[in-house]
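# Generate coordinates for the sequence data below:
(one chain, ligands or ions: 1)
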Amino acid sequence: MECNTLIIGAGPAGLTAAIYSARAGKKTVVLAGAAPGGQALETFEIENYPGFKSVDGVTLMASMTEQASAAGAEILYERAVKADLSLKSVSTDTEKIIKAEKIIIATGAKHRKLSLPGEENFIGKGVSFCAVCDGGFFRKKHVAVVGGGDSALTEALYLSGICDSVTLIHRREEYRAAKALADKVLSEPKIRRVTGNVTKLIGKDRLERIEVLSASGDVSSIDISGLFVAIGTDPDTQLVAGQLELDEGGYIVTDALMETSVKGVFAAGDVRATPLRQIVTACADGAIAAK
Ligand code: NAP
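Numbering: from 1, shown residues only. Okay, here's the model as predicted:
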């Protein structure tokens with residue numbers, strides 16, 4: 001298969017790039033993996049995407065996907081498994097080989113884990129990385145959220161509408177999250193705030209309890225049914241690592257036109273070295289990369 005523009009990833013960056021590329025008359029193929037939308041699908045309330053006072057991630061991303069298709073982009077529900085950037089050739093999990101004139105990498109980022117013993121085993125049995133996806137399993141139960149960024153506070157607020165109690169555990173007093181979110185958390189009576197680090201996950205078949213170590217060295221035990229880990233993300237560069245320049249955090253380095261160290265290969269969105277990772281900045285990256 002051949003195309004002008006191959007876009008790897010179908011979050012806000014990839015879909016915006018697809019809209020711009022297809023509208024410019026270029027044969028545009030998007031590799032969306034299992035489903036388009038990316039991390040935004042996990043955000044239940046977005047209040048800082050211009051044009052929408054409040055919108056949920058699923059609605060916004062469904063609309064972007066529809067717009068990209070309507071513009072003429074071909075969205076394939078396939079995953080890129082191998083890439084030769086110098087030849088602009090990508091193989092997919094259905095053994096398709098796609099050759100492109102230009103490639104835009106918009107693979108986003110993956111959830112960071114706590115790296116505690118048992119964490120892997122408890123995934124799906126109490127440990128989750130997405131409140132919007134899994135919150136319903138914890139209706140009227142006691143849960144905890146770890147982290148102090150926008151994701152953690154958004155998840156805690158969402159869960160406070162479903163669960164009996166939410167313990168928000170952050171490793172320091174101040175939140176990295178936007179002040180508007182922190183203010184909402186402070187005024188939500190169902191959210192209890194704890195400062196410390198989760199050090200142990202305990203349970204037989206499912207997660208039942210966690211231990212938290214405070215800065216003063218005290219260990220407290222908290223009974224919970226669910227632990228939502230929201231401690232940030234790492235860039236998804238496995239496909240292309242070693243073929244282009246990455247920064248010290250592993251994010252793809254680009255110039256102002258989103259071009260990477262490999263000519264004709266661009267990067268956009270959360271996978272790129274950038275000072276701000278928001279839906280609106282991902283969209284902007286995608287538009288510039290496609291241009
Ligand atoms: P983030 O901003 O990087 O925050 C990660 C949080 O987890 C920080 O509070 C950090 O603590 C903590 N943390 C990191 N490693 C940890 C560890 N090993 N143990 C305990 N805590 C740890 O990540 P994010 O909240 O996922 O947000 C990512 C980007 O998406 C941000 O740009 C954010 O603004 C954006 N976002 C926006 C929205 C929205 O606008 N609605 C929603 C979600 C995300 P420290 O603060 O101490 O470093």
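# tell me the mean pLDDT over stretch 230-240?
What stretch 230-240 shows for mean pLDDT is 95.
# got the buried residues for it?
230, 231, 233, 235, 236, 237, 239, 240 (16 or more other C-beta atoms under 10 Å). Every residue, glycine included, has its C-beta placed from N, CA and C.
# Next one: the first one relative to residue 79, how far apart?
Just to be clear, that refers to residue 230. Taking C-beta to C-beta, to the nearest Å as the measure, residue 230 and residue 79 are separated by 25 Å.
# returning to what we had before: which of the buried residues of stretch 230-240 come close to the ligand?
Residues of the buried residues of stretch 230-240 in contact with the ligand (C-beta under 6 Å from any ligand atom): 230, 231, 233.
# give the contact list for the first one.
Spelled out, it's residue 230. Taking C-beta atoms under 8 Å, 6 or more residues apart in numbering, we find residue 230 in contact with 129, 145, 146, 147, 149, 151, 152, 155.
# pLDDT score assigned to the first one?
When you say that, I think you mean residue 129. So residue 129 comes in at 92 (pLDDT).
# again with the fourth one
The model reports residue 147 with a pLDDT of 98.
# How is the chain partitioned into domains?
Split into domains by automatic domain parsing, the chain comes to 2-110+233-290, 113-229.
# Just give me how far the one helix or strand in the chain whose mean pLDDT sits lowest sits from the chain centre.
Among the helical and strand segments of the chain, the one scoring lowest on mean pLDDT, DSSP states H and E is helix 131-134, with a mean of 87. Relative to the chain's own centre, helix 131-134 is displaced by 13 Å; criterion: C-alpha atoms, centre = their mean, to the nearest Å.
# Please list the outside residues in contact with the helix or strand that it is followed by.
Where DSSP states H and E defines the elements, the next helix or strand beyond helix 131-134 is strand 142-146. For strand 142-146, the surrounding residues in contact (C-beta under 8 Å, 6+ apart) are 114, 131, 152, 155-156, 159, 163-170, 198, 210, 222-231.
# Run me through the strand neighbours of strand 142-146, direction for each.
Applying DSSP bridges, strand 142-146 is found paired with strand 165-170 (parallel), strand 226-229 (parallel).
# pLDDT averaged over the longest one - what is it?
Just to be clear, that refers to strand 165-170. For strand 165-170, mean pLDDT is 98.
# who touches that strand?
The contact list for strand 165-170 (C-beta under 8 Å, 6+ apart) reads 142-148, 152-153, 156, 159-160, 185, 190-198, 212, 222, 224.
# Would you map the strands across the stretch 101-250 of the chain?
Using DSSP state E, counting those that start in this stretch, the strands found in the stretch 101-250 of the chain span residues 109-111, 127-128, 142-146, 165-170, 191-195, 197-202, 209-213, 219-223, 226-229, 233-235.
# Restricting to C-alpha, output the longest helix along the chain in PDB.
Using DSSP state H to define each element, the chain has its longest helix at helix 57-70. Once non-C-alpha atoms are left out, helix 57-70 reads as follows in PDB (Å, rounded to 0.1, in the frame of the first residue of the first chain):
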ATOM      1  CA  GLY A  57     -13.300  13.000  25.700                       C
ATOM      2  CA  VAL A  58     -15.400  10.300  24.000                       C
ATOM      3  CA  THR A  59     -17.700  12.800  22.300                       C
ATOM      4  CA  LEU A  60     -14.800  15.100  21.300                       C
ATOM      5  CA  MET A  61     -12.700  12.300  19.800                       C
ATOM      6  CA  ALA A  62     -15.700  10.700  18.000                       C
ATOM      7  CA  SER A  63     -16.300  14.000  16.400                       C
ATOM      8  CA  MET A  64     -12.600  14.400  15.400                       C
ATOM      9  CA  THR A  65     -12.500  10.900  13.900                       C
ATOM     10  CA  GLU A  66     -15.700  11.600  11.900                       C
ATOM     11  CA  GLN A  67     -14.200  14.800  10.600                       C
ATOM     12  CA  ALA A  68     -11.000  13.100   9.600                       C
ATOM     13  CA  SER A  69     -12.900  10.400   7.700                       C
ATOM     14  CA  ALA A  70     -15.200  13.000   6.100                       C
END
